[in-house]
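Undergrad: I'll drop the sequence and a predicted model, then ask my questions.
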Amino acid sequence: MAIEIKAFGLLADITGSDFSVIEQRDTDSLRQLLAERYPALSTIHYAIAIDKKIVSGNTLINETSSVALLPPFSGG
Amino acid sequence: MAIEIKAFGLLADITGSDFSVIEQRDTDSLRQLLAERYPALSTIHYAIAIDKKIVSGNTLINETSSVALLPPFSGG
Amino acid sequence: MTEKKHKQIFVQGAISSAFIADSIQKHSTKTNIGAHSIFLGQVRSDSINDRKVVAIDYTTYEEMALEKMHELREGIFAKYPLTCMHIYHSLGTIAAGELCLFVFTSSIHRKEAIDACEEVVELIKKELPVWGKEIFEDESYQWKENK
Amino acid sequence: MTEKKHKQIFVQGAISSAFIADSIQKHSTKTNIGAHSIFLGQVRSDSINDRKVVAIDYTTYEEMALEKMHELREGIFAKYPLTCMHIYHSLGTIAAGELCLFVFTSSIHRKEAIDACEEVVELIKKELPVWGKEIFEDESYQWKENK
């Protein structure tokens, strides 16, 4: 399973705005993988949205989920 | 001594917007005179401004004072 | 003519949206501003005892109102760190749907502009000697009273 | 295309004062409105470590932002008896002094419009997935973070 991931703001600077990862079935393991692949991420606070909702705690990722990495908002 | 009085809003409908009264040296006696002259005034709540400041309690009126009768405000 | 020192806030007739746009536009050169808060009062076509309000006719005790507004303005600037504040109140006959009050505050951060704008609107309603006469379709009228 | 049902709030580029005037003008036919409250966000030319901000470049996760805004809008209408509410947020590069946010609420009485407008602004800042990149004179940049 390949998961398509969107990244925004500062995170897109680090990871690119679209990329994919293989076989990460929950958000904890995704965070861990990303911290290994992009060491800069380990010091950055970000939320994960699955299907356009921010999740809290470790959350399962389905094959069809849309996954997004969201740094702190700064609109308005 | 004749005191010039301005009246506004509803009160101007009753008294006219400019009129004068003779020898009223304080606001209590002015209110009393006005209630006698304009019976409709006795049921209307209004403030008196002397030199553009609303006064409370019985207040002396000088010959040079500008006196105004102010019904409840309704600007904005 | 001691009143001359006080800023004029009264305008004859309704406040136009073009005038508001112009006021907003003028602030684009003040690049320390981060937030604007605007309040607009619009004449409402209330129905009172089956009679419909078609306009409000505003009058004021101008010398007193400008002196009071000056005092309120100083209080607001002492309380809130505003970049600027503009206030316009209509006099004369303002038709239902037209604008009769325009309060415009600007500040570096949003909280001050928002709080100051709301406070100024409340002060204007409570403390400014202005009177609105609600005019009905049949040309009868009644004097408004602010709550 | 389930997003299609959500109202668009994003506009490319700055919000013009003419656009705001037009929005205000459109409400003159709604004669049950007594009060409008407007918030405008303006790009501020902050100095950060001696570098001056000349613009902010806004991006969003649009599908999520519109879904979230729809949800926030429903919450606001459930809480406040508003006549209407309009929200516009800029995307792309907005120069210092230009407007990037326009929140516009209208109601019969003033309290509801004022309170709703303030609450919407806070919600937009906290909950909308929008990011502002502060661009400096020398074309370097840093990502903003809302307080």
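TA: Sure, I can see it. Numbering: from 1, shown residues only, chains lettered A, B, ... in the order given.
Undergrad: grab the nearest non-local neighbour of the residue in chain A positioned nearest to chain B.
TA: Proximity of chain A to chain B (CB to the nearest CB) peaks at A:Gly76, 28.2 Å away. Quick note: C-beta positions are derived from backbone N, CA and C, even for glycine. With sequence-adjacent residues excluded and distances taken as CB to CB, 6 or more residues apart in numbering or on different chains, A:Gly76 is closest to D:Lys125, at 4.4 Å.
Undergrad: from D:Thr31, how far out is C:Ala95?
TA: C:Ala95 sits 9 Å away from D:Thr31, going by CB to CB, to the nearest Å.
Undergrad: whoops, I mixed them up, C:Leu66
TA: 30 Å.
Undergrad: next secondary structure after the helix or strand hosting A:Ala12?
TA: Taking DSSP states H and E as the criterion, A:Ala12 maps to helix A:9-15. Next in sequence after helix A:9-15, counting helices and strands by DSSP H and E, comes strand A:18-22.
Undergrad: may I have the helix or strand following that following strand exported as PDB, CA atoms only?
TA: Counting by DSSP H and E, the next helix or strand C-terminal to strand A:18-22 is helix A:27-37. Below are the C-alpha coordinates for helix A:27-37, written out as PDB (Å, rounded to 0.1, in the frame of the first residue of the first chain):
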ATOM      1  CA  THR A  27      -0.200   8.000  12.200                       C
ATOM      2  CA  ASP A  28       2.400   7.100  14.900                       C
ATOM      3  CA  SER A  29       4.400   5.000  12.500                       C
ATOM      4  CA  LEU A  30       4.000   7.600   9.800                       C
ATOM      5  CA  ARG A  31       5.400  10.300  12.100                       C
ATOM      6  CA  GLN A  32       8.300   8.100  13.000                       C
ATOM      7  CA  LEU A  33       9.100   7.400   9.400                       C
ATOM      8  CA  LEU A  34       8.900  11.000   8.500                       C
ATOM      9  CA  ALA A  35      11.300  12.000  11.400                       C
ATOM     10  CA  GLU A  36      13.800   9.500  10.000                       C
ATOM     11  CA  ARG A  37      13.500  10.600   6.400                       C
END
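Undergrad: may I see the buried residues of helix A:27-37?
TA: Neighbour-count burial for helix A:27-37 flags A:27, A:30-31, A:34 (criterion: 16 or more other CB atoms under 10 Å in any protein chain shown).
Undergrad: after that helix comes which helix or strand?
TA: Counting by DSSP H and E, what follows helix A:27-37 is strand A:47-50.
Undergrad: which residues are in contact with that following strand?
TA: A:27, A:30-31, A:54-55, A:59, A:61, A:65-70, D:61, D:64, D:129 (CB atoms under 8 Å, 6 or more residues apart in numbering or on different chains).
Undergrad: related to what we said a few turns ago, ok, the residue nearest to A:Gly76 to D:Ala14 distance?
TA: Relative to D:Ala14, and taking CB to CB, D:Lys125 is found at 18 Å.
Undergrad: pLDDT wise, what is the closest residue to C:Glu62 other than its chain neighbours at?
TA: Among residues not flanking C:Glu62 along the chain, C:Phe10 sits closest, at 6.5 Å (CB to CB, 6+ apart). C:Phe10 carries a pLDDT value of 98.
Undergrad: returning to that earlier point: only whichever of the contacts of strand A:47-50 are buried, select them in PyMOL.
TA: Buried subset of these, written as a PyMOL selection, criterion 16+ other CB under 10 Å:
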select buried, (chain A and resi 27+30+31+55+61+65+66+67+68+69+70) or (chain D and resi 61+64+129)
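Undergrad: just name the closest of the contacts of strand A:47-50 to C:Cys117, please.
TA: Lowest distance from C:Cys117 to the contacts of strand A:47-50 (CB to CB) belongs to D:Pro129, with 28.2 Å.
Undergrad: for the closest one, what are its contacts?
TA: A:8, A:49, A:68, A:70, A:73, A:75, D:60-61, D:64-65, D:68.
Undergrad: quick check: mean pLDDT of stretch C:120-127?
TA: According to the model, stretch C:120-127 has a mean pLDDT of 97.
Undergrad: an error on my part: the question was meant for stretch A:31-46.
TA: Across stretch A:31-46, pLDDT averages out at 92.
Undergrad: neighbours around the closest residue to C:Ala14 other than its chain neighbours, how many?
TA: The shortest distance from C:Ala14 to any non-neighbouring residue, by CB to CB, 6+ apart, is to C:Glu98 (3.7 Å). Applying other CB atoms under 10 Å in any protein chain shown, we find 19 residues neighbouring C:Glu98.
Undergrad: can you list phi and psi of C:Glu98 for me?
TA: Main-chain dihedrals, C:Glu98, degrees, to the nearest 10: phi -90, psi 160.
Undergrad: distance of it from D:His27?
TA: Taking CB to CB, one finds C:Glu98 at 11 Å from D:His27.
Undergrad: identify the contacts common to these two.
TA: Listed contacts common to C:Glu98 and D:His27 are C:Gln42; contacts here mean CB under 8 Å, 6+ apart.
Undergrad: retrieve the pLDDT associated with the residue of chain A found nearest chain D.
TA: With CB to the nearest CB as the measure, A:Gly75 is the residue of chain A nearest to chain D, at 2.7 Å. For A:Gly75, the pLDDT comes out at 95.
Undergrad: just C:Lys147 next, same as before
TA: The model reports C:Lys147 with a pLDDT of 72.
Undergrad: next, count neighbours for it.
TA: Neighbour count for C:Lys147, taken as other CB under 10 Å: 7.
Undergrad: so it, which of the three states?
TA: Taken by DSSP: H, G, I helix; E, B strand; the rest coil, the conformation at C:Lys147 corresponds to coil.
Undergrad: now do the shared contacts for C:Ala95 and D:Thr31.
TA: C:Val43.
Undergrad: residues contacting the residue nearest to the spatial centre of chain A?
TA: For chain A, the residue sitting closest to the mean C-alpha position, by CA atoms, centre = their mean, is A:Leu69 at 3.6 Å. Applying CB under 8 Å, 6+ apart to A:Leu69 gives the contacts A:5-8, A:11, A:15, A:34, A:46-48.
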